[in-house]
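Colleague: Whatever this is, show me its structure:
(one chain, ligands or ions: 1)
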Amino acid sequence: MKNTNRNILFAALLGLLLGILIKNFPDSSFYGPFMALIELLGQLFIKALKMILVPLVFFSIVVGISNLGNAKKADRIWKLTLSYYFLTMAIAVILALFVMNFVKPGVGINLDLWELENDIVSQTMSFGDFFTQFILSLFVNPFASLASGNILPIIIFAIFIGIAFNGASKKMAMGRELFESFYEVMLKIVEWIMIVAPIGIFALLLKLVESQSLELFNKMGIFIGTVIGIILIHGLIILPLINYFFTRINLKELWTKGRPALITAFATSSSSATLAMTLNVANKDFKVKKTVSNFVLPLGATINMDGTALYEAAAALFIANLVGLDLTVSQQMILFFVAMVASIGAPGIPSAGMVTMAMVLQVLGLPLEALAILLPMDRLLDTFRTTVNVEGDLIGSLIVNKLT
Ligand code: ASP
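Modeller: Numbers count the residues shown, from 1 in each chain. Sure thing, here's the model as predicted:
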């Protein structure tokens with residue numbers, strides 16, 4: 001594991017450096033085939049992570065919940081996890097609102113500069129509709145959701161099975177053991193993926209750097225810088241402080257042990273795809289109890305998104321600034337809630353935040369075409385917000401582990 005951890009760091013740095021180098025030689029003859037190979041390697045890694053995702057979530061939650069033993073403990077884990085998720089997301093949004101009101105990127109800029117494209121067709125939905133759909137979407141035929149990779153209903157169904165196993169009769173005990181051995185099989189496959197992870201991370205980061213356009217920074221520099229700044233304050237100061245307060249684990253230890261998950265989040269822009277790595281470091285390196293990590297992490301990868309929440313709030317204020325709208329305090333309070341719900345509703349996949357962003361814009365009466373302004377920089381900002389999303393999940397498991 002130690003070697004894999006070091007290899008991942010090394011591969012990430014190499015990918016970033018080589019990406020910068022290659023960006024400067026786009027005309028050389030090896031460029032095309034080389035980049036095609038890089039694309040293939042990166043996609044293979046993501047595919048492998050996605051392949052394991054659904055069975056991993058399913059078995060880990062069933063095993064986690066079924067081992068809770070008594071209802072009192074289950075109750076405590078639930079409450080602590082949800083309170084932590086809610087509080088840290090709230091802090092993230094408040095931080096974003098505070099910084100954005102202070103820096104005000106976008107104010108006084110002519111919107112015409114961005115040549116709005118009209119081909120952004122986003123599903124528009126009111127807050128109420130979104131909420132109703134969200135609740136209804138939690139209860140789905142488990143076989144359909146397993147097949148389509150619809151994570152939240154899988155989590156709900158797995159929780160039911162886990163609870164049923166808790167009061168296991170003799171007949172059920174065999175089934176429970178079967179689930180446990182399937183779970184061990186999944187962990188074995190995760191270990192194999194970890195071994196090849198450095199190659200995938202190298203390829204993804206090389207491609208990320210190579211495909212960035214510098215022109216974007218000319219137009220969007222202040223907004224991009226502000227969002228990254230907010231994410232860094234949340235990820236490097238606020239979350240680590242909360243973590244240290246409860247667990248006495250400092251930032252250095254968090255980074256050294258947690259980096260396979262954090263770097264994978266940065267490279268894949270997907271909390272769900274990263275879940276395999278997050279579970280691995282939580283269980284193996286931080287020694288988090290499986291009853292905690294198996295529940296807190298899959299749930300967190302789907303609903304706990306500090307980075308997405310703060311981004312949605314910041315992006316809405318940015319668009320308001322661009323169209324010359326000064327959001328009142330009560331509108332900003334609405335934004336606080338909508339940004340949280342939108343991030344909870346966003347699945348842990350690349351650019352999911354962009355889809356729920358449509359709802360945020362609509363609730364505030366901002367133009368949906370603004371998505372065309374946000375989209376070009378999403379690949380870049382998604383890397384940062386996903387990293388802090390995963391960091392939040394990991395810290396959640398450490399804190400709940402300590403307090404139970
Ligand atoms: N890509 C993010 C994640 O997987 C979600 C988003 O903000 O788009 O956590």
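
Colleague: Chain neighbours aside, what residue packs nearest to residue 236?
Modeller: Of all residues beyond its chain neighbours, the one nearest residue 236 is residue 251 (7.0 Å), with distances taken as CB to CB, 6 or more residues apart in numbering. In this view, the C-beta of every residue, glycine as well, is placed from N, C-alpha and C.

Colleague: so what's the one you found up against?
Modeller: The neighbours of residue 251, taking CB atoms under 8 Å, 6 or more residues apart in numbering as the test, are 236, 240, 244.

Colleague: Neighbour count and distance to the ligand added to those, as a markdown table?
Modeller: Compiled in a markdown table, those are given as follows (neighbours: other CB atoms under 10 Å; distance: CB to the nearest ligand atom, whole Å):
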| residue | neighbour count | distance to the ligand |
| --- | --- | --- |
| 236 | 14 | 18 |
| 240 | 20 | 19 |
| 244 | 15 | 24 |
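
Colleague: Which one of these is nearest to residue 32?
Modeller: The nearest member of these to residue 32, counting by CB to CB, is residue 236 at 38.5 Å.

Colleague: can you give me the helices in the stretch 201-350 of the chain?
Modeller: Using DSSP state H, counting those that start in this stretch, the helices of the stretch 201-350 of the chain run over residues 215-232, 239-247, 251-268, 271-280, 290-303, 306-322, 329-345.

Colleague: And those helices: which comes nearest residue 354?
Modeller: Ranking these by distance to residue 354, with CB to CB as the measure, places helix 306-322 first at 9.2 Å.

Colleague: Counting by contacts, list what the closest one packs against.
Modeller: Contacts of helix 306-322 with other secondary structure elements, assessed using 3 or more CB pairs under 8 Å, 6 or more residues apart in numbering; DSSP states H and E, are made with helix 71-103, helix 215-232, helix 329-345, helix 352-363, helix 371-374, helix 378-403.

Colleague: Can you say which of the ones you listed is nearest to residue 266?
Modeller: Of the helices and strands packed on helix 306-322, nearest to residue 266 by CB to CB is helix 378-403, at 4.6 Å.

Colleague: how about that closest one, does it get close to the ligand?
Modeller: Yes - counting by CB under 6 Å from any ligand atom, the ligand has neighbours in helix 378-403: 382, 385, 386, 389.

Colleague: try stretch 289-300
Modeller: No - interface with the ligand: stretch 289-300 contributes nothing (CB under 6 Å from any ligand atom), its closest point being 9.9 Å away.

Colleague: and what of stretch 75-86?
Modeller: No - taking CB under 6 Å from any ligand atom as the criterion, stretch 75-86 and the ligand are apart, separated by no less than 13.3 Å.

Colleague: sorry, back to before: any chance of a markdown table for the residues of helix 378-403 next to the ligand, columns pLDDT and neighbour count?
Modeller: Compiled in a markdown table, the residues of helix 378-403 next to the ligand are given as follows (pLDDT from 0 to 100; neighbours: other CB atoms under 10 Å):
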| residue | pLDDT | neighbour count |
| --- | --- | --- |
| 382 | 94 | 24 |
| 385 | 96 | 31 |
| 386 | 97 | 31 |
| 389 | 97 | 33 |
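
Colleague: ok, the residues you listed vs residue 49, which is closest?
Modeller: Nearest member of the residues of helix 378-403 next to the ligand to residue 49, counting by CB to CB, is residue 386, at 12.8 Å.

Colleague: contacting residues around that closest one?
Modeller: The neighbourhood of residue 386, defined by CB under 8 Å, 6+ apart, consists of 265, 266, 268, 269, 270, 271, 274, 307, 348, 350.

Colleague: let's see 7 Å
Modeller: By CB atoms under 7 Å, 6 or more residues apart in numbering, the contact list for residue 386 reads 265, 266, 269, 270, 271, 307.

Colleague: so which of these comes closest to the ligand?
Modeller: For these, the minimum distance to the ligand (CB to the nearest ligand atom) is 3.4 Å, reached by residue 271.

Colleague: Burial check on that closest one, number of neighbours?
Modeller: For residue 271, the number of neighbouring residues by other CB atoms under 10 Å comes to 33.

Colleague: Where does pLDDT dip in the protein?
Modeller: Scanning the chain for pLDDT under 70 picks out 1-2, 26, 69-72, 108-127, 167-168, 216.

Colleague: The ligand contacts on that one?
Modeller: Applying the criterion CB under 6 Å from any ligand atom, the portion of the chain that neighbours the ligand consists of 269-271, 305, 308, 346, 348-353, 382, 385-386, 389.

Colleague: still on that earlier bit, just flag the most distant two among the contacts of residue 386.
Modeller: Farthest-apart pair in the contacts of residue 386 is 270 and 307; separation 12.2 Å (CB to CB).

Colleague: Neighbour count: the two, which is higher?
Modeller: Applying other CB under 10 Å to residue 270 and residue 307 shows that residue 307 carries more neighbours, namely 30 against 25.

Colleague: What's the local residue count around residue 336?
Modeller: 16.
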